[in-house]
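Engineer: Okay, structure incoming, though there's no sequence with it:
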C-alpha cells in the first residue's frame, strides 16, 4: 500500500496549502537528481513517513522549485526542513540520518501519538554504527556541492587568516562553491581530519576529492591547474 | 662575530627531522606564532612555537603531487601537530630543485636556508 502522506511536489500551491491550512508540522525534503547521497535521505524520509502517518511529507526537487528553495535558504542538498505554519521548527543539512530522525521525532511525535522516547531508542547505535554514520555524514558533506570548502567561520565572515585567503581566492576565480563552518561542529572538525587524513583547515574538495589546503590551492591557481579541475557549472559568468 | 638567530626547541626539531628525511637543498622555517598570539584559539596556550611557515626544496619530492608532498611532511611532524600546545598551523611550500630552477645535485656546504 502506498503511503499517502508522502508527496513528490509537482505544484507549489500544494505545499503552500499544506503549510497554511494545517496547524500540524510538515516535513519538507529538498533533493537534487545529481546528488548521490539524497538517495539515502530519501529512504529515511520514506521510512519516517510510514511511522509518522499523520504528518505530511513533501519531496521537493530543489532546482525545480527555486522560489521555495530560496525562501528556505537552501544552499545545498539534501536538506530537510520541518515547518509548522510559517515557522521553521527544525532543519537538518546534509546526510545526518541520526539528526533527521531525532528532529522529526521531536517535532512530529506528539501529533502521531508517539513519544520522543521511542524514537531516540531507535536512533541509539553501537559505536561501530555511529562511526559508519559519521563517515556517511562526512561523505555527504564533502559531496554536498561540486566545489566544497571546509573553513573556520562562514564564507562571508571567515574566522581564520587561511580560511579567509582561500575564500578570497575562490571568489576571485569566480568559482561557485558550498562551504561548511567547522567551528560549528566539533564532530565534523575532528572526524574530517581522520577521514581525509589531512590535519589542517581549510580543506577544498572538488567533486568529492580532496584538493588540499590554502597553499596548494594558491599554487594551483598560479599554475592554472585549478581552473581546469573546476566543473563548468561551478564557474560563474 | 654575529650569531645566527636560533629557533626554539620545536623549530630545531622540525629542522632536524626535515634535514634527516629529505636532505633538502633549501630549508626555510619562519615562526609566525607571535602574529597569532592574541587570536581566540591561542588563548591559554603558553607556547611561542605554534604557527610555522616552512619552505622545503628537495629532490625527494620529484614525482609526487603537492598533496602527497604535504601529507609526507604532515606525517613527519604528526606527533607535534597532534599534541596540545604543539603546532597549530603550518604553511608549506614544497618544491623539487628543478621547480625552483636549481640543479638536482646537492649543493656544497650549508644545506639549510640560503
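Structural biologist: That came through, no problem. This is a predicted model, so every value here is computed, not measured.
Engineer: which phi and psi does residue A:88 have?
Structural biologist: When read as degrees, to the nearest 10, the backbone of residue A:88 gives phi -90, psi 120.
Engineer: correct me, but it touches residue A:80?
Structural biologist: No - using CB atoms under 8 Å, residue A:88 is not in contact with residue A:80, being 10.9 Å away. Every C-beta, even on glycine, is put in place using the N, C-alpha and C of the backbone.
Engineer: ok, the two, which is more surrounded?
Structural biologist: residue A:80 (25 against 13; other CB atoms under 10 Å in any protein chain shown).
Engineer: Unless I misread the structure, that one falls within a strand.
Structural biologist: Yes - assessed with DSSP: H, G, I helix; E, B strand; the rest coil, residue A:80 lies in a strand.
Engineer: Return the distance of it relative to chain B.
Structural biologist: Going from residue A:80 to chain B by CB to the nearest CB, to the nearest Å gives 32 Å.
Engineer: what does chain A have sitting close to chain B?
Structural biologist: A:159, A:162, A:197-200, A:210-216, A:219-220 (CB under 8 Å from any CB of the partner chain).
Engineer: in what helix or strand does the residue positioned nearest the centre of chain B lie?
Structural biologist: Centre of chain B computed as the mean C-alpha position; nearest residue by CA atoms, centre = their mean is residue B:54, 3.5 Å away. In this assignment (DSSP states H and E), residue B:54 forms part of strand B:51-57.
Engineer: Restricted to helices, list the residues of chain A next to chain B.
Structural biologist: Those of the residues of chain A next to chain B mapping onto helices are A:162, A:214-216, A:219-220, per DSSP state H.
Engineer: what's the farthest-apart pair in those?
Structural biologist: Within these, A:162 and A:220 form the most distant pair, 15.4 Å apart (CB to CB).
Engineer: pLDDT weak spots in chain A?
Structural biologist: A:1-3, A:115-130, A:237 (pLDDT under 70).
Engineer: hey, which helix is longest across it?
Structural biologist: Longest helix in chain A, counting by DSSP H: helix A:127-142.
Engineer: Now the closest residue to chain A within chain B: closest residue in space, sequence neighbours ignored.
Structural biologist: Closest approach between chain B and chain A, counting by CB to the nearest CB: residue B:66, at 4.6 Å. Leaving out its chain neighbours, the residue that sits closest to residue B:66 by CB to CB, 6 or more residues apart in numbering or on different chains is residue A:216, at 4.6 Å.
Engineer: got a list of what the one you found touches?
Structural biologist: A:204, B:66-67, B:70 (CB atoms under 8 Å, 6 or more residues apart in numbering or on different chains).
Engineer: which of those residues are buried?
Structural biologist: For the contacts of residue A:216, a burial check counting by 16 or more other CB atoms under 10 Å in any protein chain shown picks out A:204, B:66, B:70.
Engineer: Make a markdown table out of these and add distance to residue A:33 and secondary structure.
Structural biologist: Below are the buried ones among the contacts of residue A:216 laid out as a markdown table (distance: CB to CB, whole Å; DSSP: H, G, I helix; E, B strand; the rest coil):
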| residue | distance to residue A:33 | secondary structure |
| --- | --- | --- |
| A:204 | 25 | strand |
| B:66 | 34 | helix |
| B:70 | 35 | helix |
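Engineer: Need the residues you listed in TSV (columns: distance to residue B:38).
Structural biologist: Converted to TSV, the buried ones among the contacts of residue A:216 look like this (distance: CB to CB, whole Å):
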residue	distance to residue B:38
A:204	28
B:66	31
B:70	28
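Engineer: which one of the contacts of residue A:216 is nearest residue B:101?
Structural biologist: Scanning those for proximity to residue B:101, where the rule is CB to CB, the winner is residue B:66, at 18.0 Å.
Engineer: where exactly do the helices run in chain B?
Structural biologist: B:9-22, B:33-36, B:66-76, B:78-82.
Engineer: hey, which of the ones you listed is tucked in deepest?
Structural biologist: helix B:66-76 (a mean of 18; mean count of other CB atoms under 10 Å in any protein chain shown).
Engineer: can you list contacts of the worst-scoring helix or strand of chain B on mean pLDDT?
Structural biologist: Within chain B, no helix or strand scores below helix B:33-36, which has a mean of 84 by mean pLDDT, DSSP states H and E. For helix B:33-36, contacts defined as CB under 8 Å, 6+ apart pick out B:42, B:47-52, B:88-89.
Engineer: Lowest pLDDT pick from these?
Structural biologist: Among the contacts of helix B:33-36, residue B:42 carries the weakest pLDDT, at 77.
Engineer: Now do that one against residue B:85, distance only.
Structural biologist: 10 Å (CB to CB, to the nearest Å).
Engineer: Looking at these two now, which is surrounded by more residues?
Structural biologist: residue B:42 (17 against 14).
Engineer: Write out the residues of chain B neighbouring chain A.
Structural biologist: B:40, B:66-67, B:70-71, B:74, B:78, B:81-82, B:89-93.
Engineer: what residue ranges in chain B score low on pLDDT?
Structural biologist: B:1-5, B:104-114.
Engineer: Closest to the centroid, which residue in chain A?
Structural biologist: By CA atoms, centre = their mean, the most central residue of chain A is residue A:94, 2.4 Å off.
Engineer: Now do the contacts for that residue.
Structural biologist: A:37, A:76, A:78-79, A:137, A:140-141, A:144.
Engineer: quick one, phi/psi of it?
Structural biologist: Residue torsions, per degrees, to the nearest 10, at residue A:94 are phi 90, psi -180.
Engineer: Give me the distance between it and residue A:163.
Structural biologist: 19 Å.
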